[in-house]
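Novice: Predicted model and sequence below, questions to follow.
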Amino acid sequence: MATTARNNVALTVSQWVAAVQNEPSIRSEVKKPGKLHELRVSDCVFDKSASAISHVEYLHLRTVWYRYTNEHIDSFTKLLRNDKGTGYKGFITPEADQLAGKMMTQVSNYLKEYFAEGRKRTTDSGYLYPSPDCGFYAMVRYWQVMVSTHTKDETSLSDAELARESNLLKPQSGSSTKGRPVTPPKQTIVAHQTVSATPATTSHPAVRGTAANRPSADEAYVNTALLLLLQAVTQDFRDELKSLHWVPPRKAMHLEVPYLNNNAKKFEAKVVLEAQVDGYLCNAGGSVHPMAICEAKSFVRRSGQVPTERQETAEMAAWIRSHPGKEGLLQMSASGKKRRLLVSQNRHEIYIIIGEYGQKYEEYIGNKPIQENMTVNEAAAAVSKRGATPPADNLQKTLGSPTFLSHASASGITDTIEGWQTEEKKAATHAKEPPQDPPGSSAPAVPTIEHLGLPRADEFLVMHRFGPWRTDDPGNMAVLIRRLLGLMLQLQGPPKPASQGSAK
């Protein structure tokens with residue numbers, strides 16, 4: 001069975017299963033063959049802060065990461081668009097894609113000057129002073145240069161930092177509260193609350209960071225650069241994106257689930273995790289629902305990849321739970337999975353992350369079928385009545401839907417997904433040579449896929465990660481802006497028909 005390094009994020013479902021099996025703090029009952037479906041998000045005692053999420057907390061969020069490497073720009077393009085041959089449905093509709101392409105053929109002089117500024121080198125005169133001819137993009141380029149010149153280009157963590165990252169911000173027994181992360185007060189969001197074009201949110205103190213995951217003055221440079229880029233794009237193309245705005249408030253989102261109160265012997269609603277994002281896309285029409293979220297880090301991803309991706313996992317899960325409606329969704333997959341957009345800048349590198357999930361994951365993250373005010377016996381009866389989802393009977397079903405796998409194979413994408421070549425070899429071996437039980441034994445010496453009852457991919461949150469696009473490469477930025485336009489057009493939805501006024 002697949003293995004994964006201790007504290008790494010899982011790249012496949014089978015890696016996640018191996019990590020659960022190897023995690024001593026996870027109750028042994030769910031590790032028995034066919035019992036993985038009994039693991040619940042409420043089994044975990046979260047530390048409340050997404051920025052300090054631990055390995056075991058990450059495992060309880062039931063998430064795998066598909067990292068598209070090497071030809072990531074090509075891979076993203078192939079997954080962005082529909083494919084009639086395989087029936088695959090991309091992240092955006094053909095209409096949104098075509099309009100984005102048309103918009104990029106009619107770019108403003110501001111954007112052309114911005115690309116020209118990006119070709120300058122640090123030794124060039126005026127490198128730190130972008131031309132005012134960049135218009136909307138002058139301050140974008142200024143802050144991108146500030147990121148490159150005023151933040152450390154750290155490429156690796158020390159051994160001591162790596163050893164500590166597995167227990168980020170966890171208080172030691174008997175320790176004082178000094179230096180521990182601050183748990184911000186619960187934010188109450190009133191249903192149907194209306195806002196202006198720039199929504200206001202309750203302010204929360206930021207949690208303290210560590211070497212592996214550290215909010216800092218440097219992070220303010222990155223956050224400013226990212227938001228200014230996103231805002232400039234929406235302003236520059238305001239005729240087509242007139243209803244969209246990227247706003248900077250640190251919005252708190254909560255993972256609230258029915259949680260057992262041992263004293264009352266019943267389940268009560270409890271916020272087990274809070275995530276604060278570094279900005280979000282909203283509709284000027286008065287909605288408080290984020291349509292996309294963004295994250296900023298002052299270091300390149302490879303310096304703190306695991307804690308960063310665990311944090312982004314928690315942010316996506318809390319967003320799904322806090323705002324389960326249809327607003328803020330990209331085009332659904334052919335199998336009916338929902339998709340959400342997260343834009344993450346790590347120093348001078350930008351990633352596009354698509355969170356994809358189905359109804360089974362929404363039920364899991366909400367602790368279904370357990371409901372608020374259920375007694376222990378009522379909850380047990382509800383779980384028993386629902387039963388288990390049929391497990392995957394082959395490794396292919398743990399990787400994705402038939403349509404996705406067919407499209408990925410035909411497009412040559414599977415070779416670019418980290419860790420997939422090993423999984424595909426195991427899948428092929430499993431199909432040709434089913435494991436044999438030892439003579440005289442009713443169970444295999446090593447659990448097979450059938451005995452373990454591996455979950456299907458549609459029971460997980462899948463984080464599709466594409467990038468990086470470098471802010472110091474004009475070619476990269478042109479492609480990134482083109483893709484962001486398509487994604488934002490999709491999130492905005494088709495234009496509403498003009499209301500018919502009375503004839504005069």
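Specialist: Sure thing, it's come through.
Novice: Any regions of this structure where pLDDT drops low?
Specialist: Where the chain drops to pLDDT under 70, the residues are 1-6, 48, 70-72, 154-216, 285-287, 387-391, 393, 423-453, 495-504.
Novice: Show me where the stretch 301-450 of the chain has its helices.
Specialist: Per DSSP state H, counting those that start in this stretch, the stretch 301-450 of the chain has helices spanning 305-322, 359-365, 376-386, 402-410, 420-432, 449-452. These are given in chain order.
Novice: Please export the C-alpha coordinates of the first one as CSV.
Specialist: Below are the C-alpha coordinates for helix 305-322, written out as CSV (Å, rounded to 0.1, in the frame of the first residue of the first chain):
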residue,chain,number,x,y,z
GLN,A,305,5.2,23.5,1.5
VAL,A,306,3.6,21.2,4.0
PRO,A,307,2.4,23.7,6.6
THR,A,308,1.2,26.0,3.8
GLU,A,309,-0.8,23.3,2.1
ARG,A,310,-2.3,22.2,5.4
GLN,A,311,-3.4,25.7,6.1
GLU,A,312,-4.9,26.1,2.6
THR,A,313,-6.7,22.8,3.2
ALA,A,314,-8.2,24.2,6.4
GLU,A,315,-9.2,27.4,4.7
MET,A,316,-11.0,25.6,1.8
ALA,A,317,-12.8,23.2,4.3
ALA,A,318,-13.9,26.1,6.5
TRP,A,319,-15.1,28.1,3.4
ILE,A,320,-17.1,25.1,2.2
ARG,A,321,-18.7,24.7,5.6
SER,A,322,-19.3,28.4,6.2
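Novice: Residue 468 should be in a helix, yeah?
Specialist: No - residue state for residue 468 (DSSP: H, G, I helix; E, B strand; the rest coil) corresponds to strand; a helix is not indicated.
Novice: Quick check, it in contact with residue 346.
Specialist: Yes - counting by C-beta atoms under 8 Å, residue 346 is a contact partner of residue 468 at 7.2 Å. From N, CA and C alone the C-beta is placed, and that goes for glycine too.
Novice: Pull up the overlap in contacts between those two.
Specialist: Counting by C-beta atoms under 8 Å, 6 or more residues apart in numbering, the residues touching both residue 468 and residue 346 are residue 301.
Novice: Phi and psi next, for residue 293.
Specialist: phi -130, psi 160 (degrees, to the nearest 10).
Novice: Excluding covalently adjacent residues, which one is nearest to it?
Specialist: residue 277 (4.3 Å; C-beta to C-beta, 6 or more residues apart in numbering).
Novice: Just the endpoints, please. Distance across stretch 298-311?
Specialist: The straight-line separation of the ends of stretch 298-311 (C-alpha to C-alpha, to the nearest Å) is 15 Å.
Novice: quick revisit: for the residue nearest to residue 293, give me its contacts.
Specialist: Going by C-beta under 8 Å, 6+ apart, residue 277 touches 250-251, 253, 290, 293-295, 315, 319.
Novice: Skipping adjacent residues, who's closest to residue 94 in space?
Specialist: residue 82 (6.0 Å).
Novice: And residue 60, by the same measure?
Specialist: residue 44 (3.9 Å).
Novice: cool, and residue 254?
Specialist: Closest residue in space to residue 254, ignoring its immediate chain neighbours: residue 271 at 4.6 Å, by C-beta to C-beta, 6+ apart.
Novice: and of the contacts of residue 277, the nearest to residue 230?
Specialist: residue 294 (7.0 Å; C-beta to C-beta).
Novice: Could you check how far that closest one is from residue 13?
Specialist: Distance, residue 294 to residue 13, using C-beta to C-beta, to the nearest Å: 28 Å.
Novice: How about residue 481?
Specialist: Separation of residue 481 from residue 13 (C-beta to C-beta) stands at 34 Å.
Novice: Over to residue 229?
Specialist: To residue 13, residue 229 is 35 Å away according to C-beta to C-beta.
Novice: Let me see the ranges of the strands in this protein.
Specialist: Listed in chain order, the strands of the chain (DSSP state E) span 48-49, 63-67, 244-247, 251-261, 266-277, 280-283, 292-297, 338-346, 349-357, 461-470.
Novice: could the ones you listed go into CSV alongside distance to residue 137?
Specialist: Converted to CSV, these look like this (distance: least, C-beta to C-beta, whole Å):
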stretch, distance to residue 137
strand 48-49, 35
strand 63-67, 30
strand 244-247, 14
strand 251-261, 26
strand 266-277, 24
strand 280-283, 19
strand 292-297, 18
strand 338-346, 16
strand 349-357, 15
strand 461-470, 16
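Novice: What is the burial count for the residue nearest to residue 60?
Specialist: Residues within reach of residue 44, counting by other C-beta atoms under 10 Å, total 19.
Novice: Contacts only, for it.
Specialist: Residues counted as contacts of residue 44 (C-beta under 8 Å, 6+ apart) are 56-57, 60, 272.
Novice: so which of those is the most crowded?
Specialist: Within the contacts of residue 44, most neighbours by other C-beta under 10 Å means residue 60, with 25 neighbours.
Novice: mind checking how far that residue is from residue 265?
Specialist: Taking C-beta to C-beta, one finds residue 60 at 23 Å from residue 265.
Novice: Check residue 41 too.
Specialist: Between residue 41 and residue 265 the computed distance is 20 Å (C-beta to C-beta).
Novice: could you dump stretch 39-59 to CSV, C-alpha only?
Specialist: In CSV, the C-alpha atoms belonging to stretch 39-59 read as follows (Å, rounded to 0.1, in the frame of the first residue of the first chain):
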residue,chain,number,x,y,z
LEU,A,39,-13.6,8.3,10.9
ARG,A,40,-15.4,11.7,11.7
VAL,A,41,-14.2,15.2,11.7
SER,A,42,-15.6,15.5,15.3
ASP,A,43,-13.1,12.8,16.4
CYS,A,44,-10.4,15.4,16.3
VAL,A,45,-9.7,18.1,18.9
PHE,A,46,-8.6,21.0,16.7
ASP,A,47,-6.4,23.8,17.9
LYS,A,48,-9.0,26.3,16.4
SER,A,49,-6.5,28.1,14.2
ALA,A,50,-6.0,27.1,10.5
SER,A,51,-2.5,28.6,10.4
ALA,A,52,-1.3,26.2,13.0
ILE,A,53,-3.0,23.0,11.8
SER,A,54,-1.2,19.8,12.7
HIS,A,55,-0.7,16.6,10.7
VAL,A,56,-3.5,14.7,12.5
GLU,A,57,-5.9,17.7,12.1
TYR,A,58,-5.1,17.7,8.4
LEU,A,59,-5.9,14.0,8.1
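Novice: ok, how many other residues are close to the closest residue to residue 237 other than its chain neighbours?
Specialist: Distances taken as C-beta to C-beta, 6+ apart put residue 103 closest to residue 237, at 5.7 Å, once the chain neighbours are dropped. Applying other C-beta under 10 Å, we find 19 residues neighbouring residue 103.
Novice: My guess is residue 103 contacts residue 485. True?
Specialist: Yes - with contact defined as C-beta under 8 Å, residue 103 reaches residue 485; the gap is 5.7 Å.
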